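Enquirer: heads up, no residue letters with this:
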């Protein structure tokens, strides 16, 4: 009896687990090596657009995720004083893209993806290095904890500072600072009711969104020098920067404890890679195409990568051909949006706000337009959900 084809996934984040699940469904023997001591994700929540939800349909968990998540779209864009620049609604988003945009805790998605894998497939506290990308009939080799493993395919999903990427493309400059830092909180805020919103100030943004479990996900971003940190704590820094913004921002800040606040500088791959593969090794997610979070597509594109990789599992070059143009275009669009919503010049901000309000009055909200050509993506092979709908 033939042995199943072996795949090693380096990195147990959303993209890595999705790739492992997709390849496991194709009958491949999967091993996931995660350097952290657990799969508990760093990060608060994740927005999933219809493109990623269709990819999750392929994995068989799309409807479960939709049920667990809060729909996005009821709300819009505001100024720090509270004026609405643009309004949108969840129904319009679902009609435009053939499905909702949703929001849920990252930990929920990680748990559901991990549950798709067979027992023992995931090894935590297992840092790994690529010893040989493989070529032709030669398998790829990975070392972990003094052990050497061979596989017919290695997936580098080890994040923005990917060691697999460096091994494959040592001449690439790697991630660059995007010019701004971010803060995130995921907390209960009792007694507060509000519409989801993103607020654009001068060199600052803030977003507040309710989750289905009753908690609130809030994020902020500001143009600052790389590496800068608060002299006291990050909650105090948020109060200094956003404490006088419109409701419910003060209520969220009042409810947050210093330890609830996550802060990370934003980096991205400003120079696209020449390919997402070399030999028998491929790159996926942030390791391949890290982008600013301004479109909320980082995790979404990683899930897309996963099902496309499973489709082209025997042909890494075809995977590159399918994914590199699309993800490069989306990453560039995310950079353009960052230049728009993180603008700091007073005159530029005034023109921006006037243009956003005028465009939104004339047609679909800017919130929806930003997803045209992105959220309508469909997987290269049908999900069980789509098969059932066609019968």
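Expert: Looks like it arrived, so ask away. From a predicted model like this one, the values you see are computed outputs, not experimental measurements.
Enquirer: hmm, who's touching stretch 326-345?
Expert: With contacts defined as CB atoms under 8 Å, 6 or more residues apart in numbering, stretch 326-345 is touched by 178-180, 198, 200, 202-205, 221, 223, 268-270, 272, 288-295, 297, 301, 304-305, 349, 352, 370, 374, 377. In this view, the C-beta of every residue, glycine as well, is placed from N, C-alpha and C.
Enquirer: quick one: the residue lying closest to residue 64 once chain neighbours are set aside from residue 105, how far?
Expert: Spatially, and ignoring its direct neighbours in sequence, residue 64 is nearest to residue 112 (6.4 Å; CB to CB, 6 or more residues apart in numbering). Per CB to CB, to the nearest Å, residue 112 is found 11 Å from residue 105.
Enquirer: on that earlier part again, who's in contact with the residue nearest to residue 64?
Expert: 61, 64, 65.
Enquirer: tell me the buried residues in the top helix by length along the chain?
Expert: Assignment by DSSP state H gives helix 316-341 as the longest helix of the chain. For helix 316-341, a neighbour-count test (16 or more other CB atoms under 10 Å) marks 316, 319-320, 322-324, 326-328, 330-331, 333-335, 337-338, 340-341 as buried.
Enquirer: mean confidence (pLDDT) on that helix, please.
Expert: Averaged across helix 316-341, pLDDT comes to 97.
Enquirer: related to what we said a few turns ago, helix, strand, or coil at the residue nearest to residue 64?
Expert: helix (DSSP: H, G, I helix; E, B strand; the rest coil).
Enquirer: show me where pLDDT drops low in the stretch 151-300 of the chain?
Expert: The stretch 151-300 of the chain contains no residues with pLDDT under 70.
Enquirer: now do the strands in it.
Expert: Assigned by DSSP state E, counting those that start in this stretch, the strands in the stretch 151-300 of the chain fall at 153-156, 176-187, 196-200, 204-210, 216-223, 262-268, 277-278, 281-283.
Enquirer: and of those strands, who's closest to residue 79?
Expert: For residue 79, the closest of the strands of the stretch 151-300 of the chain is strand 196-200, at 6.7 Å, according to CB to CB.
Enquirer: adjacent strands (with direction) for the closest one?
Expert: If you go by DSSP bridges, strand 196-200 pairs up with strand 75-78 (parallel), strand 204-210 (antiparallel).
Enquirer: how far is the first one from where the chain is centred?
Expert: Same thing as strand 75-78. The chain centre lies 21 Å from the centre of strand 75-78; the measure is CA atoms, centre = their mean, to the nearest Å.
Enquirer: what's the model's confidence in that strand, averaged?
Expert: 91.
Enquirer: helix or strand right after it?
Expert: Per DSSP states H and E, strand 75-78 leads on to strand 84-88 as the next helix or strand towards the C-terminus.
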